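Engineer: predicted structure and sequence below. I'll ask about it afterward.
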Number of protein chains: 2
Amino acid sequence: MQKLTKREDQIMQLIWQSDGMFIRDIVERLPHPKPHYNTVATIVKILVKKGFLTSEKLGNVDRYNAVVSMEAYRKEDISNIKKKYFDNSFSKMMAHFAKQEQLTDEEIQELIAIIKSKKV
Amino acid sequence: MQKLTKREDQIMQLIWQSDGMFIRDIVERLPHPKPHYNTVATIVKILVKKGFLTSEKLGNVDRYNAVVSMEAYRKEDISNIKKKYFDNSFSKMMAHFAKQEQLTDEEIQELIAIIKSKKV
DNA sequence: GTAGATATACTAATTTATTAGTAGAATTTT
DNA sequence: AAAATTCTACTAATAAATTAGTATATCTAC
C-alpha cells in the first residue's frame, strides 16, 4: 500500500471521519492557515489517482469517499511501528505501552479485562 | 520535536542501533541502491542542524552520535498513532491490538503477565 | 438573460527533500 | 615528496510535495 504524505494523511483523516465530503467541506475543516481551495482539490485528485478515494458527481459537484478503509491503513501504519521500534515483537511493544502509560492498578485491571474479552 | 523525513529516519535508525557512526559506516549499512557518500553527508548535516545528532572529530573524521534518544522519538511517534487512530484513548488502542493480533489464549496470558509485571 | 458566486480543469510556481558533482584538505602509499 | 585515496565543504541539480493562479463552466438570484 502506498504511503500518505502529511497533507494527504490529514485530508484522509477528515474523510474517514465523515461519510463523503466535498472539497469545500474539507477546506472548511482544515485548521488555520487554511489552504487554497485548489490546493485541496489537487491533493484530493492525487488521492483518487492513488486509489484512496473515489468521486461521485452530485449535481455538478464532486463528493469524495474513502476506498481504502481507515482500518486497513492503520493496520499498516501500526505494523511499521512494531517493526521499526520493537523488533517486530508484539510482546515488546505491549511491555512498552504498559510502562509508558504509567497505568494505575485499576487501569491495568480494566485493560486486562478488555484484552480477555476480545479473545477468550 | 521536529519530525524526521524518510531518509533522515532511516539514518537515525542506524545510528540509534550503534554508538556513534562515521559517514562511511552509514553508507555501507544502507541497503541497495546505496546513496552517494555526499548525499548521506548532507542529510547527516541536516540532522545535526535539527538537533538530532552531534559530531565529534576523531582525527580528521567526524563521528556522529544521537542527541535525541530513540526512546524519546519513539514516544512521540507512538503518541501520534494513539491520537490519530484511537481518539487518544489507551484502552481503545489496546483493545485494537488484542483483536488485531489474533492472539492465542497463551499469548493473552503472557501479555497480561507483562502488563502486570510492569506496574503491580 | 445578465451579474455574481462557486466548482473544476489545467497549468505552473514554490517549497521541501533527496541526490550528487567539484574542489580542496588531510592521509596513506609508494 | 609525488601519487593515490579518503573526507569534507560548498554548491547545485533533480525529484517530490505543496501551493495557488487563470480560464472556463455551472448554478443562483435578480
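Structural biologist: Arrived safely.
Engineer: look up how far residue A:96 lies from the residue sitting furthest away from the middle of chain A.
Structural biologist: Centroid-distance maximum for chain A: residue A:105 at 30.7 Å, with C-alpha atoms, centre = their mean. To residue A:96, residue A:105 is 19 Å away according to C-beta to C-beta, to the nearest Å. All C-beta spots, glycine's among them, are computed from the backbone N, C-alpha and C.
Engineer: cool, and residue A:73?
Structural biologist: 22 Å.
Engineer: with residue A:77 instead?
Structural biologist: In terms of C-beta to C-beta, residue A:77 sits 17 Å off from residue A:96.
Engineer: who's in contact with stretch A:47-66?
Structural biologist: Residues outside stretch A:47-66 that contact it (C-beta atoms under 8 Å, 6 or more residues apart in numbering or on different chains) are A:2, A:4, A:8, A:11-12, A:15-16, A:19-23, A:44, A:67-68.
Engineer: which two from these end up farthest apart in space?
Structural biologist: A:2 and A:22 (23.9 Å; C-beta to C-beta).
Engineer: the more surrounded of these two?
Structural biologist: Neighbour count, other C-beta atoms under 10 Å in any protein chain shown: between residue A:2 and residue A:22, residue A:22 has more, with 15 against 12.
Engineer: identify the residues contacting that one.
Structural biologist: Going by C-beta under 8 Å, 6+ apart, residue A:22 touches A:61-64.
Engineer: ok, residue A:16 next?
Structural biologist: A:66, A:69-70.
Engineer: for ChimeraX, write the selection for the buried entries among the residues you listed.
Structural biologist: The buried residues among those can be selected in ChimeraX (16 or more other C-beta atoms under 10 Å in any protein chain shown) with this line:
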select /A:66,70
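Engineer: list the buried residues for the longest helix along chain A?
Structural biologist: When chain A is parsed with DSSP state H, its longest helix is helix A:70-86. In terms of neighbour count (16+ other C-beta under 10 Å), helix A:70-86 has its buried residues at A:70, A:73-74, A:77-78, A:81-82, A:85-86.
Engineer: return only those of those residues found close to DNA strand C.
Structural biologist: Among those, no residue lies close to DNA strand C (C-beta under 7 Å from any atom of the strand).
Engineer: contacting residues for the closest residue to residue A:93 other than its chain neighbours?
Structural biologist: Nearest residue to residue A:93, sequence neighbours excluded (C-beta to C-beta, 6 or more residues apart in numbering or on different chains): residue A:86, at 4.2 Å. The contact partners of residue A:86, by C-beta under 8 Å, 6+ apart, come to A:92-93, A:96.
Engineer: buried only: go through these for me.
Structural biologist: A:93, A:96.
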